[in-house]
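Colleague: Task: produce atomic coordinates for the following.
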Amino acid sequence: MKKMIIKPEGWQCTFKECPAGFFVFGGSLCLKSEYFSTGGGQDYNDAYCESGEYFYGGVDNNEDRDKLMVQPVIVGWEEFEE
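Modeller: This is a model prediction of the structure:
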């Protein structure tokens, strides 16, 4: 049987430096999109938390969100016996 596992990909980084894809923040699996929204004359990455809500990481503006430390992750499969 196989089970899905989530593995760190590289080192922790700021949200702004994080590549598009899955990341972990505060024990939650989140997704950073390659798409952007515009606000205040700047573009900001769209990101979503596991509930499907927009990811803000407990802050209330995009500049502070860009500074949050996150852990990029990849999804893999492992064989295991029951």
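
Colleague: end to end, how far does stretch 2-13 reach?
Modeller: Stretch 2-13 has an end-to-end distance of 30 Å (criterion: Cα to Cα, to the nearest Å).

Colleague: got any ranges where the protein has weak pLDDT?
Modeller: Applying pLDDT under 70 to the chain flags residues 39-41.

Colleague: again, only using 50
Modeller: Applying pLDDT under 50 to the chain flags no residue at all.

Colleague: Please, which helix or strand holds the most centrally placed residue in it?
Modeller: The centroid of the chain falls nearest to Phe23 when counting by Cα atoms, centre = their mean (3.1 Å). For Phe23, the host element (DSSP states H and E) is strand 21-25.

Colleague: What is that strand packed up against?
Modeller: Here strand 21-25 touches strand 28-39, strand 69-79, going by 3 or more Cβ pairs under 8 Å, 6 or more residues apart in numbering; DSSP states H and E. Where C-beta positions appear, they are placed from N, C-alpha and C, glycine not excepted.

Colleague: Nearest approach to Glu63 belongs to which of the ones you listed?
Modeller: Across the helices and strands packed on strand 21-25, Glu63 has its closest neighbour in strand 28-39 (10.5 Å, Cβ to Cβ).

Colleague: Compute the inter-axis angle for the closest one and strand 21-25.
Modeller: 110 degrees (axes from the mean of the first three to the mean of the last three Cα atoms, to 10 degrees).

Colleague: Show me what the residue lying closest to Ile6 once chain neighbours are set aside is bridged to.
Modeller: Here the nearest residue to Ile6 in space, its sequence neighbours aside, is Val73; by Cβ to Cβ, 6 or more residues apart in numbering that works out to 4.9 Å. Here Val73 sits in beta bridges with Pro8, going by DSSP bridges.

Colleague: what's the neighbour count on Val73?
Modeller: The tally of other residues near Val73 (other Cβ atoms under 10 Å) stands at 18.

Colleague: Could you report the separation of it from Lys7?
Modeller: Val73 sits at a distance of 6 Å from Lys7 (criterion: Cβ to Cβ, to the nearest Å).

Colleague: repeat for Gly52
Modeller: Taken as Cβ to Cβ, the span from Gly52 to Lys7 is 23 Å.
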